[in-house]
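J.: take this sequence and fold it.
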Amino acid sequence: MNGEDLKDIIKEVVLDILGEFKGQIKDVVVNSIIPAVDDAIADFAAEQTAEADASASTWVKIRNKLLINGGIKLIWSFAKKVIVKVLDKADEAETAALSQQ
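T.: Numbering: from 1, shown residues only. Presented below is the predicted three-dimensional model:
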């Protein structure tokens, strides 16, 4: 099995899974996946905050704040917006395709 075979297998599996959610993928992502990631990030932030609060090290306090606010939360906020935009565009394209039939 070469890289192209693996790529084709993965593509087929992903398309098959997405096909199961056809018409519902945005709802699944927005109502299930995004909140789950939000919760995981909140849990991680709480752990990092507790570690920083318990530490006497200024570096640990600064590092954890930068990691939480400057890194993870910022990147996830951006990623969520991109994901929702992509799903909106996909919905628009699907609606347009159905209206042309």
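
J.: can you pull the buried residues of stretch 71-88?
T.: For stretch 71-88, burial by neighbour count (16 or more other CB atoms under 10 Å) applies to Ile72, Lys73, Ile83, Leu87. C-beta here means a position set from N, CA and C on the backbone, and glycine is covered the same way.

J.: can you list contacts of it?
T.: By CB atoms under 8 Å, 6 or more residues apart in numbering, the residues outside stretch 71-88 that reach it are Ile25, Lys26, Val29, Val30, Ile34, Val37, Asp38, Ile41, Phe44, Ala45.

J.: quick one: the helices in the chain?
T.: Ranges of helices in the chain, per DSSP state H, are 3-20, 25-28, 34-54, 58-65, 73-99.

J.: kindly export the shortest one (C-alpha atoms) in PDB.
T.: Once side chains and other backbone atoms are set aside, the C-alpha atoms of helix 25-28 remain, and they are given as PDB (Å, rounded to 0.1, in the frame of the first residue of the first chain):
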ATOM      1  CA  ILE A  25     -23.500  18.300   9.400                       C
ATOM      2  CA  LYS A  26     -23.700  22.000  10.400                       C
ATOM      3  CA  ASP A  27     -26.100  21.200  13.200                       C
ATOM      4  CA  VAL A  28     -23.900  18.300  14.500                       C
END
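
J.: now do it: distance to the chain's middle.
T.: With CA atoms, centre = their mean, to the nearest Å as the basis, helix 25-28 stands 12 Å off its chain's centre.

J.: packing partners for that helix?
T.: Under the contact criterion of 3 or more CB pairs under 8 Å, 6 or more residues apart in numbering; DSSP states H and E, helix 25-28 touches helix 73-99.

J.: repeat that with 6 Å
T.: Applying 3 or more CB pairs under 6 Å, 6 or more residues apart in numbering; DSSP states H and E, we find helix 25-28 packed against no helix or strand.

J.: filter the contacts of stretch 71-88 to the buried ones?
T.: For those, buried by 16+ other CB under 10 Å: Ile25, Lys26, Val29, Ile34, Ile41, Ala45.

J.: enumerate every residue touching the second one.
T.: Remark: with contacts taken as CB atoms under 6 Å, 6 or more residues apart in numbering, Lys26 is in contact with Leu87.

J.: and the pLDDT for it?
T.: What the model reports as pLDDT for Lys26 is 84.
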